[in-house]
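Engineer: build me a model from this:
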Amino acid sequence: MASTDRISTFVRGLKAKKVRYVRFELPDLHGVSRTKVVPIDSVESYARDGLNFYGGTIGLDTSSAVVGGTGMAEELSYRDQFLFPDPSTVQLIPWLDHTAKVICDANWTPAEPIKASPRYVLTKLLKEASRMGYEVIMGHEFEYYLLDAETHKPLFGGVHIFNNVRNQYVPFLDELLDQLRGVGIDVITHNCEYSPSQFETNFGPGKGLAGADKAFTFKNAIKELAHRAGYLATFMSKPASDMAGCGCHVHMSLTAKSGNKNAFNTKRGPDKMTDTMRFFTEGVLRHAPALMPLIGPTPNCYRRLKPHTFAPSNISWGVEDRTAMVRMKHLGSKAAHIEMRAASGMSNPYLTAAGVLAAGLLGLKAKRKLRPAVDGPSEENPDLPKLPQNLEQALYGLEADNKMCGLLGEEFVKVFVTVKRYELERFNNHVSDWEREEYLELY
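Structural biologist: Residues are numbered from 1 along each chain as shown. Take a look at the predicted model:
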């Protein structure tokens, strides 16, 4: 919760910019922004005392259904929670007049945070990294589709990756880049991707929580801007069987607090990797089964993880290997980092970062030797262990990993697993179009 002086400065800054409305934004379990709009005259009182919200909002499933057994609903008589804005996240919204947004933390009381909140989970892990002597640099690299809002069809056909015409196929894409930059997203590249009407818009990394906050703003801004322009933007992993998957590549490195240098960077040895980088990477690989539901949170996510799709299908690492789960980047330079390539575009940026960081920190604590990389594309090696093949397997992997659960927190794991099992039950009970078309006439 922000201090009294910081709140006063926050509100004075908003008024100086002639802001009339402020969106208090709560990142939910799925990375979706749950929001209330507050007139400027009420912002200071809510910032001090908290803005009331339904307490189980973080525990809603993807259909916004209230899920029992999470510890956040009937067990607490469906009580309120309170949102407290983080003034460091405030941004003017360039596509709305006199309106700003601020990301909030979720508390039961001013002194009692909601420990199942994804932003809280990541904050706790960043503090653990700091205790171990490191600051965390992270970036998220998303793929998404821009579709016709009515038909949900691509805007163009064919495979035209990096094609000049497709990169800026409709004027909205030019406006999108300007609007993203206006809301604090430091766009560095934009291009069409492999599949028809698929795009990738990249932005720079951030330090600590600011890196995940930026990714949260990016995803929700693209969804909102596309809607306002009459399109549908989707980060869905596999929107159709004949469309390429949408991934999220999580880039991460550690900066040593003593000396303020990249702890992964060295020019020594044939591999130009520090022990810190090796231990961290081995942790990510060793805890990959537990990491998977955090980076692949829906049944649809697992349709993407197939060989020959530039998405990993096994637990592997390699230097500049696009088929590996962990790809080593820029070794021997100040930009040395890992790229974890198994996450879905549907993943929550706070939880992808938290999962990779938790696994990596466990690797630093265990100091186990990094397993050898394989020659050639990792996906071609049949001896490497496979990633979990579906969400149910992944959830079991998380529950079986006591060390990962311990770092993530008991409250979070309970909410996350309960909600995901509820979603899985709905998924498994649904009769698909494929089943009807395959069996209805034949049998």
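Engineer: I'd say residue 82 and residue 53 touch.
Structural biologist: Yes: counting by C-beta atoms under 8 Å, residue 82 does reach residue 53; the two are 7.1 Å apart. Where C-beta positions appear, they are placed from N, C-alpha and C, glycine not excepted.
Engineer: between those two, what contacts are shared?
Structural biologist: Both residue 82 and residue 53 are contacted by residue 106, under the criterion C-beta atoms under 8 Å, 6 or more residues apart in numbering.
Engineer: please enumerate the strands of the stretch 301-443 of the chain.
Structural biologist: Shown for the stretch 301-443 of the chain, the strands assigned by DSSP state E, counting those that start in this stretch span residues 317-319, 326-329, 337-344.
Engineer: got CSV for the ones you listed, with distance to residue 216, mean neighbour count and mean pLDDT too?
Structural biologist: Rendered in CSV, the data for the strands of the stretch 301-443 of the chain read as follows (distance: least, C-beta to C-beta, whole Å; neighbours: other C-beta atoms under 10 Å; pLDDT from 0 to 100):
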stretch, distance to residue 216, mean neighbour count, mean pLDDT
strand 317-319, 27, 19, 95
strand 326-329, 23, 22, 96
strand 337-344, 14, 26, 97
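Engineer: among the ones you listed, which is nearest residue 32?
Structural biologist: Shortest separation from residue 32 across the strands of the stretch 301-443 of the chain is recorded for strand 337-344, at 14.5 Å, computed as C-beta to C-beta.
Engineer: in the sheet, which strands lie alongside the closest one, parallel or antiparallel?
Structural biologist: Pairing partners of strand 337-344, with direction, according to DSSP bridges: strand 247-256 (antiparallel), strand 326-329 (antiparallel).
Engineer: of all those, which one comes closest to residue 21?
Structural biologist: Residue 21 sits nearest to strand 247-256 of all those, at 30.9 Å, using C-beta to C-beta.
Engineer: mind saving the C-alpha coords of that closest one as CSV?
Structural biologist: Written as CSV, here are the backbone C-alpha positions of strand 247-256 (Å, rounded to 0.1, in the frame of the first residue of the first chain):
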residue,chain,number,x,y,z
GLY,A,247,3.4,-18.4,-28.0
CYS,A,248,4.9,-16.2,-25.3
HIS,A,249,8.7,-16.3,-25.0
VAL,A,250,9.9,-15.3,-21.5
HIS,A,251,13.3,-13.6,-21.5
MET,A,252,15.0,-13.4,-18.2
SER,A,253,18.4,-12.5,-16.7
LEU,A,254,19.7,-11.7,-13.2
THR,A,255,21.7,-8.6,-12.2
ALA,A,256,24.1,-9.0,-9.3
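Engineer: per-residue confidence averaged over that strand?
Structural biologist: Mean pLDDT, strand 247-256: 97.
Engineer: other residues contacting the helix or strand just after it?
Structural biologist: Towards the C-terminus, the helix or strand next in line after strand 247-256, according to DSSP states H and E, is strand 261-262. Among residues not part of strand 261-262, those counted as contacts by C-beta under 8 Å, 6+ apart are 253, 254, 255, 256, 334, 335, 336, 337.
Engineer: among those, list the two that are farthest apart in space.
Structural biologist: Greatest spatial distance among these (C-beta to C-beta): 256 and 335, at 15.4 Å.
Engineer: might you report the residue contacts of residue 423?
Structural biologist: With contacts taken as C-beta under 8 Å, 6+ apart, residue 423 has the following neighbours: 61, 62, 298, 299.
Engineer: against residue 77, how distant is the first one?
Structural biologist: Separation of residue 61 from residue 77 (C-beta to C-beta, to the nearest Å): 20 Å.
Engineer: more neighbours: the two, which one.
Structural biologist: Taking residue 61 and residue 77 together and counting by other C-beta atoms under 10 Å, residue 61 has the greater number of neighbours (18 against 7).
Engineer: in which helix or strand does residue 101 reside?
Structural biologist: With elements taken from DSSP H and E, the one containing residue 101 is strand 99-109.
Engineer: list the buried residues for the lowest-mean-pLDDT helix or strand in the chain?
Structural biologist: Counting by mean pLDDT, DSSP states H and E, the chain has its least confident helix or strand at helix 164-167, which shows a mean of 84. Taking 16 or more other C-beta atoms under 10 Å as the basis for neighbour counts, the residues of helix 164-167 that come out buried are residue 166.
Engineer: quick one: contacts for the nearest residue to residue 317 once chain neighbours are set aside?
Structural biologist: Counting by C-beta to C-beta, 6 or more residues apart in numbering, residue 326 is the residue found nearest to residue 317 once chain neighbours are left out, at 4.0 Å. Residues in contact with residue 326, defined by C-beta under 8 Å, 6+ apart, are 281, 284, 285, 316, 317, 318, 338, 339, 340, 341.
Engineer: these two touch, right, the fifth one and residue 381?
Structural biologist: So the one you mean is residue 317. No: because the distance of 11.7 Å does not satisfy C-beta under 8 Å, residue 317 is recorded as not touching residue 381.
Engineer: given the strand holding residue 101, what are its sheet partners and their directions?
Structural biologist: Partner strands and pairing direction for strand 99-109 (DSSP bridges) are strand 21-27 (parallel), strand 80-85 (antiparallel), strand 91-92 (antiparallel), strand 112-113 (antiparallel).
Engineer: turn those strands into TSV, including mean pLDDT, distance to residue 424 and mean neighbour count.
Structural biologist: Formatted as TSV, these follow (pLDDT from 0 to 100; distance: least, C-beta to C-beta, whole Å; neighbours: other C-beta atoms under 10 Å):
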stretch	mean pLDDT	distance to residue 424	mean neighbour count
strand 21-27	98	22	23
strand 80-85	96	26	22
strand 91-92	97	36	17
strand 112-113	96	28	15
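Engineer: so for residue 212, which of those strands sits nearest?
Structural biologist: Judged by C-beta to C-beta, the one of the strands paired with strand 99-109 that comes nearest to residue 212 is strand 21-27, at 8.5 Å.
Engineer: and the helix or strand that the closest one is followed by, how far out from the chain middle?
Structural biologist: If you walk from strand 21-27 toward the C-terminus, the next helix or strand you reach (DSSP H and E) is strand 33-39. The chain centre lies 21 Å from the centre of strand 33-39; the measure is C-alpha atoms, centre = their mean, to the nearest Å.
Engineer: got the strands paired with strand 99-109 as JSON lines, with distance to residue 135 columns?
Structural biologist: Shown next, in JSON lines, are the strands paired with strand 99-109 (distance: least, C-beta to C-beta, whole Å):
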{"stretch": "strand 21-27", "distance to residue 135": "21"}
{"stretch": "strand 80-85", "distance to residue 135": "24"}
{"stretch": "strand 91-92", "distance to residue 135": "23"}
{"stretch": "strand 112-113", "distance to residue 135": "22"}
